[in-house]
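S.K.: got a predicted structure plus its sequence, pasted below:
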Amino acid sequence: MISILIPSFQNNCLLLIKTLHEQGVLCGIPFEIIVREDSPVPAFKLNEEFWFARIETSSVNLGRAANRNRLAEMAQYPYLLFLDADAEIFNPEFLKNYIAYADDMDVVCGGTAYFYEPPAEKDKRLRWKYGIHREQVSSAERNQRPFDSFSAFNFLIRKERFKTIRFSEKISRYGHEDTLLGQELKKSGASVLHIDNPAFHTGIDDAATFLAKTREGVENLAELMKANIDFDSLGVKILRYFRFLKRLGLHKLMANLYQNFHVKWEKQLSRKGGPLWLFDLYKLTYLFFIKKAGRKPAG
């Protein structure tokens with residue numbers, strides 16, 4: 001018995017809903033589909049054809065973590081399948097694959113996939129390239145570090161386990177809510193299995209949007225560092241580099257690099273879609289900048 005939960009923010013996910021319903025019927029299990037739109041007006045309406053699903057709206061923007069927690073509270077079944085609204089399912093046995101492991105594990109992560117052809121819009125290629133090289137990872141590799149590899153994009157979790165951890169609502173903006181949940185899963189002793197059962201991420205942001213979300217994620221990380229959240233055991237790479245360079249006394253240099261070059265870097269990343277080492281440097285120097293300045297840069 002599965003509650004399929006789709007957090008959305010102005011996404012039209014009718015195709016995703018229809019695909020999941022068809023698979024649920026074929027599996028012959030009790031299930032429900034709930035979409036929670038984190039705004040007053042959704043990007044689509046559920047007509048009579050979609051009688052099997054329901055959509056809830058929010059009068060205020062709660063943020064990614066709180067929206068997912070509300071979905072879990074609304075769910076009636078003992079297994080929760082979280083799928084982002086900009087996902088698409090092409091495997092006809094997607095739901096069946098999750099059901100096969102549901103009784104044996106607390107959490108099952110299916111993974112993320114991207115189309116191998118780059119998007120036609122050049123300003124979306126940075127996000128696509130990041131997805132292809134950093135997020136599209138085989139289950140064998142993810143299972144080597146199961147908690148580090150946790151992603152909220154596409155996963156199944158026992159409701160009773162989720163109730164003991166939940167997404168941290170300390171984070172209201174984009175970034176690291178799944179990192180924190182992975183940490184809580186590890187602390188709680190949850191069993192986590194990664195399988196090759198990906199959902200395709202089709203909602204590719206343009207470079208300006210992706211860079212803005214990236215900065216939000218780095219700002220979230222800086223706030224969590226202030227709160228002494230321990231990421232060492234989860235291997236957050238940017239923190240390892242941050243601490244290493246700080247011990248070498250290079251914190252001022254790194255902050256100044258961001259201050260002097262971030263506009264140039266943003267133009268290059270937007271125009272060329274990389275390289276990813278420059279994107280990594282952009283994130284790292286921004287962390288040094290906001291830790292030094294205690295503020296975000298203008299513009």
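M.R.: Right, received. Where do you want to start?
S.K.: just the pLDDT at the closest residue to His201 other than its chain neighbours, thanks.
M.R.: Leaving aside its chain neighbours, His201 sits nearest to Thr112 (5.4 Å; criterion: CB to CB, 6 or more residues apart in numbering). Any C-beta I mention is one placed from the backbone N, CA and C, and that applies to glycine too. What the model reports as pLDDT for Thr112 is 97.
S.K.: equivalent analysis for Leu269, please.
M.R.: Turning to Leu269, the model gives it a pLDDT of 96.
S.K.: what does the helix or strand where it lies contact?
M.R.: Assigned by DSSP states H and E, Leu269 belongs to helix 251-272. For helix 251-272, contacts defined as CB atoms under 8 Å, 6 or more residues apart in numbering pick out 122-123, 126, 207-208, 211, 245, 278-279, 281-282, 284-286, 288-289, 291-293, 297, 299.
S.K.: would you mind measuring the gap between the ends of stretch 104-114?
M.R.: Terminal residues of stretch 104-114 lie 28 Å apart, using CA to CA, to the nearest Å.
S.K.: ok, and what's touching that stretch?
M.R.: With CB under 8 Å, 6+ apart as the criterion, stretch 104-114 contacts 94, 97-98, 101-102, 128, 131-132, 135-139, 142, 146, 149-151, 153-158, 161, 185, 190-201.
S.K.: write the ChimeraX selection for whichever of the residues you listed are buried.
M.R.: Buried subset of those, written as a ChimeraX selection, criterion 16 or more other CB atoms under 10 Å:
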select :94,97,98,102,128,131,132,135,136,137,139,142,146,149,150,151,153,154,155,156,157,158,161,185,190,192,193,194,195,197,198,199,200,201
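S.K.: count the neighbours of Arg215 for me.
M.R.: Arg215 is flanked by 22 other residues according to other CB atoms under 10 Å.
S.K.: name the element the residue of the chain positioned farthest from its centre belongs to?
M.R.: In terms of distance from the mean C-alpha position of the chain, Gly249 ranks first, at 33.0 Å (CA atoms, centre = their mean). Under the criterion DSSP H and E, no helix or strand holds Gly249.
S.K.: all helices of the stretch 1-150 of the chain, in order?
M.R.: Under the criterion DSSP state H, counting those that start in this stretch, the stretch 1-150 of the chain contains helices at 14-27, 64-74, 94-102, 125-130, 139-142.
S.K.: of all those helices, which one is nearest Tyr116?
M.R.: Nearest to Tyr116 among these is helix 125-130; the distance by CB to CB comes to 9.8 Å.
S.K.: list the contacts of that closest one.
M.R.: Contacts of helix 125-130 (CB under 8 Å, 6+ apart): 114, 118-119, 204-207, 210-211, 269-270, 273-274, 276, 279.
S.K.: buried sites along it?
M.R.: 125-130.
S.K.: again with stretch 42-58
M.R.: Buried, per 16+ other CB under 10 Å, within stretch 42-58: 42, 44, 46, 50, 53, 55, 58.
S.K.: pLDDT score for the third one?
M.R.: What that stands for is Leu46. At Leu46, pLDDT is 85.
S.K.: that one and Phe200: what is the separation?
M.R.: 23 Å (CB to CB, to the nearest Å).
S.K.: what do you get for the last one?
M.R.: Taken as CB to CB, the spacing of Ser58 relative to Phe200 amounts to 26 Å.
S.K.: ok, the first one next?
M.R.: From Pro42 over to Phe200 the distance is 22 Å, taken as CB to CB.
S.K.: and for the fifth one?
M.R.: Counting by CB to CB, the separation of Ala53 from Phe200 is 20 Å.
S.K.: cool, and the second one?
M.R.: Phe44 sits at a distance of 19 Å from Phe200 (criterion: CB to CB).
S.K.: which residue sits closest to Leu70, ignoring its sequence neighbours?
M.R.: Heads up, residue 70 is Arg, not Leu. Arg36 (5.9 Å).
S.K.: list the contacts of the residue nearest to Ser138 when sequence neighbours are not counted.
M.R.: Distance criterion CB to CB, 6+ apart; nearest residue to Ser138, sequence neighbours excluded, is Asp196 at 6.5 Å. Counting by CB under 8 Å, 6+ apart, Asp196 touches 110-111, 138-139.
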